[in-house]
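Visitor: coords below, sequence missing:
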């Protein structure tokens, strides 16, 4: 039996109105502007861009405002908007060695070429609430050094590579990378598909999976070889021009984790790298991503793949918060008819059980 | 084209306004907003992977004299993309107008200054390690 | 940049024109045999007619590799298509998602185009063929979904073996290629689900 149920239009309309009123908050307080969100809640904007998989600071700020600061909902809004735009082409791979660095640190080499650049970080703050921010603060200005940083900074992994201690990346193949937004998933997944999925994955999920590898569910012994954050130029080769042009700059965060690899029958002991790259400033996410990237290589390196973070399907099918939020929250939709049939089934089974138990009692009594 | 891609719209408007006679153009395509799929390299040096998309505005125009200009700019500013395409066309061929040459140089200088300032701000946070000599 | 110097513009109002074209192609595909008329761009490059150019501007993009026959490859159309659609041109018919043929007589066998896979039959190619005329000439009988009973179309310039190629294509169902016939600004769609027979042999 299927019963179509109508109604609720007015309740829904009014619910939209209530949402709008709640979103606006106290009308006596000035509304937030998008430049305020983009400028002063920059890390929230970064997270929404990364998880929406769309780099546009203004749109991400709008999504945050519309979602009342719910960043997962914001990422959902931006993903939805993304589907309305045509894709012109793919870029050339961004060259992070030529990043205009805002921050760059290594936990493996103290004196690396280019130096340790702390940049804007919460790492050395005391995590004490700063009540001076509760008052409306004036603009502050940080000191400037006399000379800028080096224009290019070598990666730590390239230093290890030069000594033959780092397992080389597969050479730059002409092969087109997988695109998880176009191609259906296959397991085991290609590494390009893994990295794309992790880059847009939920920060909390990716972080927890990375954490699990450190706590014994992955056998990882990672070092933060390098973390860098800054802007990179994006170049494309339009079909009609046939030569590369720069279309602008984006901010990204990159992490290269260095992990020991005991070697195999064909390979000597060496280091391997796990790689993380995300839109905006997202160190926690980039580090988690690098740990998970390395864990997902287990089978390829001949290691036992027994932990959740090493399971391609488990990690990649569950790391997207738009998908997981959608599937969990769809349970709120009316399931009246489904539940009706469950109800009837359970009642019938109970009636059968009653009969059976009565039968057993009678037999026992006899 | 990198200069015109990075310059703020106000500078593009001013550069067009400085041209005499004012250029006349036909739109060949756009201005329109779309996306470019940004790619990274696996392990920073390996094969490509798809990182995520970015918004891009693009335009192609043809001037009255037949010169064709193109622009692709990060973001969704359609007007800026059209102006950048017109300026790209105006900069083609011999005889770059002096006012346009000056405008392009000023755009580059402003971009360089902003980049230098950011880099020097970061450089001020570079760690200078020093060793302590243990006595006895 | 010389390859685009002589190019004409695409749609005048891209969003509205694309939506109108999409709606018309959808209508034609839902009712195979129905001739629809499309408003194409004002000056498409020869040998592209208005309907073929409109289909390109509406459906072809960077995600859909395009194969062109020799007649189209010879002129300015390849540059125009790459510029407006941002598509890659491919020489191998089997790697194309769309294929455009201006010379119907020289159309390669349909079996040379990609027919999709059992898992993803929707990925079969769409082949747009220009014929000399629609509505007059050799008659084809159509049956299948979207057609009440049978429908009839008449075309001029389609090669003799077309009905036989379609029959072979039909046997692959749900795999197969979809065909769109165009003449000037007119278009008729023959999706893979349509059975095409030639009463005149």
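Guide: Structure received. Everything numeric in this text was worked out from a predicted model, so none of it was measured.

Visitor: Just give the closest residue to the most centrally placed residue in chain A, not the sequence neighbours.
Guide: For chain A, the residue nearest the mean C-alpha position is residue A:201 (3.3 Å; C-alpha atoms, centre = their mean). Distance criterion C-beta to C-beta, 6 or more residues apart in numbering or on different chains; nearest residue to residue A:201, sequence neighbours excluded, is residue A:319 at 3.4 Å. To be clear about C-beta, it is placed using only N, CA and C from the backbone, and glycine gets the same treatment.

Visitor: if I pick the one you found, what's in contact with it?
Guide: Contacts for residue A:319 were tallied using C-beta atoms under 8 Å, 6 or more residues apart in numbering or on different chains; they are A:197, A:198, A:201, A:202, A:205, A:206, A:209.

Visitor: same thing but at 6 Å, please
Guide: A:201, A:202, A:205, A:206 (C-beta atoms under 6 Å, 6 or more residues apart in numbering or on different chains).

Visitor: Okay, now the unreliable bits of chain B?
Guide: Residue ranges of chain B with pLDDT under 70: B:131-136.

Visitor: any idea where the helices of it begin and end?
Guide: B:2-6, B:9-17, B:78-90, B:98-123 (DSSP state H).

Visitor: Buried deepest among those helices, which one?
Guide: helix B:78-90 (a mean of 24; mean count of other C-beta atoms under 10 Å in any protein chain shown).

Visitor: now check that one, is it near chain C?
Guide: No: if you take C-beta under 6 Å from any C-beta of the partner chain as the test, helix B:78-90 misses chain C, and the best it gets is 9.3 Å.

Visitor: Can you give the contact residues for that helix?
Guide: If you take C-beta under 6 Å, 6+ apart as the criterion, helix B:78-90 is touched by B:4, B:9, B:12, B:15-16, B:23, B:25, B:31, B:57-61, B:63, B:67, B:69-71, B:73, B:100.

Visitor: so is the residue nearest to the centre of chain A in a helix, a strand, or just coil?
Guide: coil (DSSP: H, G, I helix; E, B strand; the rest coil).

Visitor: any idea of the pLDDT on it?
Guide: Here the pLDDT value assigned to residue A:201 is 98.

Visitor: now residue C:3
Guide: 55.

Visitor: cool, residue A:53 as well?
Guide: pLDDT for residue A:53: 98.

Visitor: Over to residue A:3?
Guide: pLDDT, read off for residue A:3, is 57.

Visitor: for residue C:9, same thing?
Guide: pLDDT, residue C:9: 89.

Visitor: That one: what's its closest spatial neighbour, skipping adjacent residues?
Guide: Per C-beta to C-beta, 6+ apart, closest to residue C:9 is residue B:28, 5.3 Å.

Visitor: Look up how far residue A:233 lies from the one you found.
Guide: Distance, residue B:28 to residue A:233, using C-beta to C-beta, to the nearest Å: 26 Å.

Visitor: Ok, residue C:183 next?
Guide: 48 Å.

Visitor: Compare neighbour counts for the two and give me the winner.
Guide: Shown here are residue C:183 and residue A:233; by other C-beta atoms under 10 Å in any protein chain shown, residue C:183 has more neighbours (25 against 19).

Visitor: any idea how far residue C:156 is from the more buried one?
Guide: Taken as C-beta to C-beta, the span from residue C:183 to residue C:156 is 8 Å.

Visitor: Packing partners of the longest strand along chain C?
Guide: If you go by DSSP state E, chain C has its longest strand at strand C:133-143. Counting contacts by 3 or more C-beta pairs under 6 Å, 6 or more residues apart in numbering or on different chains; DSSP states H and E, strand C:133-143 is packed against strand C:151-156, strand C:195-197.

Visitor: Could you rerun that using 8 Å?
Guide: Applying 3 or more C-beta pairs under 8 Å, 6 or more residues apart in numbering or on different chains; DSSP states H and E, one finds that strand C:133-143 contacts strand C:151-156, strand C:178-183, strand C:186-190, strand C:195-197.

Visitor: and the next element down the chain from the first one?
Guide: Elements were assigned by DSSP states H and E; along the chain past strand C:151-156, the next helix or strand is helix C:162-171.

Visitor: Could I get the buried residue list for that next one?
Guide: C:162, C:163, C:165, C:166, C:169 (16 or more other C-beta atoms under 10 Å in any protein chain shown).

Visitor: I'd like to know which elements that helix is packed against.
Guide: By 3+ C-beta pairs under 8 Å, 6+ apart, helix C:162-171 packs against strand C:195-197.

Visitor: No more questions from me, cheers.
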